[in-house]
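J.: Quick check, what structure comes out for this input:
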Amino acid sequence: MIVDMSKVSRLTKSYIDHKTCELLNQWAEFSGEEVRPPIPVEAIIEKYLGLTLEYDDLEEMLGIPGVLGATWVDERRVVVNSSLLGGVEGRIAFTCGHEIAHW
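T.: Numbers count the residues shown, from 1 in each chain. So this is what the prediction gives:
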(Lines give C-alpha, C1' and ligand atoms only; values in the text may rest on other atoms or scores of the structure.)
Protein backbone atom coordinates (compact mmCIF):
# COMPACT_ATOMS: atom_id res chain seq x y z
CA MET A 1 0.00 0.00 0.00
CA ILE A 2 1.31 3.45 -0.90
CA VAL A 3 0.49 6.17 1.63
CA ASP A 4 -0.96 9.43 0.37
CA MET A 5 1.52 11.84 1.99
CA SER A 6 -0.93 14.75 1.64
CA LYS A 7 -3.01 13.07 4.37
CA VAL A 8 -0.10 12.64 6.80
CA SER A 9 0.16 15.36 9.45
CA ARG A 10 3.46 17.21 9.72
CA LEU A 11 5.66 16.89 12.78
CA THR A 12 7.63 19.79 14.22
CA LYS A 13 11.42 19.68 14.12
CA SER A 14 11.55 19.84 17.92
CA TYR A 15 9.24 16.82 18.17
CA ILE A 16 11.39 14.87 15.70
CA ASP A 17 14.55 15.85 17.62
CA HIS A 18 12.95 14.76 20.90
CA LYS A 19 11.85 11.38 19.51
CA THR A 20 15.29 10.83 17.93
CA CYS A 21 17.07 11.49 21.23
CA GLU A 22 14.57 9.24 23.01
CA LEU A 23 15.25 6.38 20.57
CA LEU A 24 19.01 6.80 20.82
CA ASN A 25 18.83 6.77 24.63
CA GLN A 26 16.70 3.61 24.48
CA TRP A 27 19.23 2.01 22.11
CA ALA A 28 22.10 2.92 24.45
CA GLU A 29 20.31 1.30 27.37
CA PHE A 30 19.38 -1.76 25.28
CA SER A 31 22.86 -2.26 23.80
CA GLY A 32 24.87 -1.15 26.83
CA GLU A 33 26.98 1.02 24.54
CA GLU A 34 27.43 4.76 24.29
CA VAL A 35 25.78 6.10 21.15
CA ARG A 36 28.12 8.06 18.93
CA PRO A 37 28.64 8.38 15.19
CA PRO A 38 28.39 6.41 13.10
CA ILE A 39 24.96 5.56 14.51
CA PRO A 40 24.31 1.81 14.11
CA VAL A 41 21.00 2.29 12.30
CA GLU A 42 20.96 -1.20 10.79
CA ALA A 43 21.41 -2.76 14.24
CA ILE A 44 18.71 -0.49 15.67
CA ILE A 45 16.30 -1.66 12.95
CA GLU A 46 17.02 -5.35 13.41
CA LYS A 47 18.02 -5.81 17.04
CA TYR A 48 16.09 -3.11 18.89
CA LEU A 49 13.00 -2.56 16.74
CA GLY A 50 12.84 -6.22 15.72
CA LEU A 51 12.25 -5.47 12.06
CA THR A 52 13.58 -7.39 9.08
CA LEU A 53 16.05 -5.33 7.02
CA GLU A 54 16.50 -6.25 3.38
CA TYR A 55 18.27 -4.86 0.32
CA ASP A 56 16.47 -5.26 -3.00
CA ASP A 57 15.73 -3.46 -6.26
CA LEU A 58 12.90 -1.29 -4.97
CA GLU A 59 12.42 0.52 -8.26
CA GLU A 60 11.61 -2.79 -9.94
CA MET A 61 9.66 -4.11 -6.94
CA LEU A 62 7.41 -1.06 -6.59
CA GLY A 63 7.59 0.39 -10.08
CA ILE A 64 8.57 3.78 -8.64
CA PRO A 65 11.68 5.41 -10.14
CA GLY A 66 14.19 6.77 -7.63
CA VAL A 67 12.73 5.12 -4.52
CA LEU A 68 15.50 4.46 -1.97
CA GLY A 69 13.68 2.89 0.96
CA ALA A 70 10.33 1.50 2.01
CA THR A 71 8.72 0.27 5.22
CA TRP A 72 5.98 -2.32 5.43
CA VAL A 73 4.44 -1.94 8.89
CA ASP A 74 2.20 -5.03 8.70
CA GLU A 75 5.18 -7.17 7.69
CA ARG A 76 7.60 -5.48 10.12
CA ARG A 77 9.99 -5.07 7.20
CA VAL A 78 12.29 -2.35 5.91
CA VAL A 79 13.73 -2.58 2.40
CA VAL A 80 16.57 -0.38 1.17
CA ASN A 81 17.25 -0.10 -2.55
CA SER A 82 20.19 -2.35 -3.38
CA SER A 83 21.49 0.34 -5.74
CA LEU A 84 22.83 2.09 -2.62
CA LEU A 85 25.21 -0.76 -1.80
CA GLY A 86 28.74 0.35 -2.59
CA GLY A 87 27.54 3.88 -3.26
CA VAL A 88 27.99 7.21 -1.51
CA GLU A 89 29.19 6.83 2.07
CA GLY A 90 26.41 7.53 4.55
CA ARG A 91 23.56 7.15 2.05
CA ILE A 92 22.44 3.77 3.42
CA ALA A 93 22.60 5.05 7.00
CA PHE A 94 20.55 8.11 6.05
CA THR A 95 17.96 5.97 4.26
CA CYS A 96 17.76 3.52 7.18
CA GLY A 97 17.34 6.43 9.60
CA HIS A 98 14.58 7.82 7.41
CA GLU A 99 12.79 4.47 7.43
CA ILE A 100 13.18 4.25 11.24
CA ALA A 101 11.35 7.57 11.43
CA HIS A 102 8.43 6.04 9.51
CA TRP A 103 8.30 3.23 12.06
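J.: Can you list the low-confidence ranges for this protein?
T.: Along the chain, the model assigns pLDDT under 70 to residues 1-6.
J.: Look through this structure and tell me its longest helix.
T.: helix 13-31 (DSSP state H).
J.: what does the following helix or strand past it contact?
T.: Once the chain leaves helix 13-31, the next helix or strand it forms, by DSSP states H and E, is helix 41-43. By C-beta atoms under 8 Å, 6 or more residues apart in numbering, the residues outside helix 41-43 that reach it are 31, 53, 92-93, 96-97, 100. Placement of C-beta: from N, CA and C, glycine included.
J.: Around Ser83, how many other residues sit close by?
T.: When neighbours are defined as other C-beta atoms under 10 Å, Ser83 has 16 of them.
J.: which residues does it contact?
T.: Counting by C-beta under 8 Å, 6+ apart, Ser83 has contacts 57, 59.
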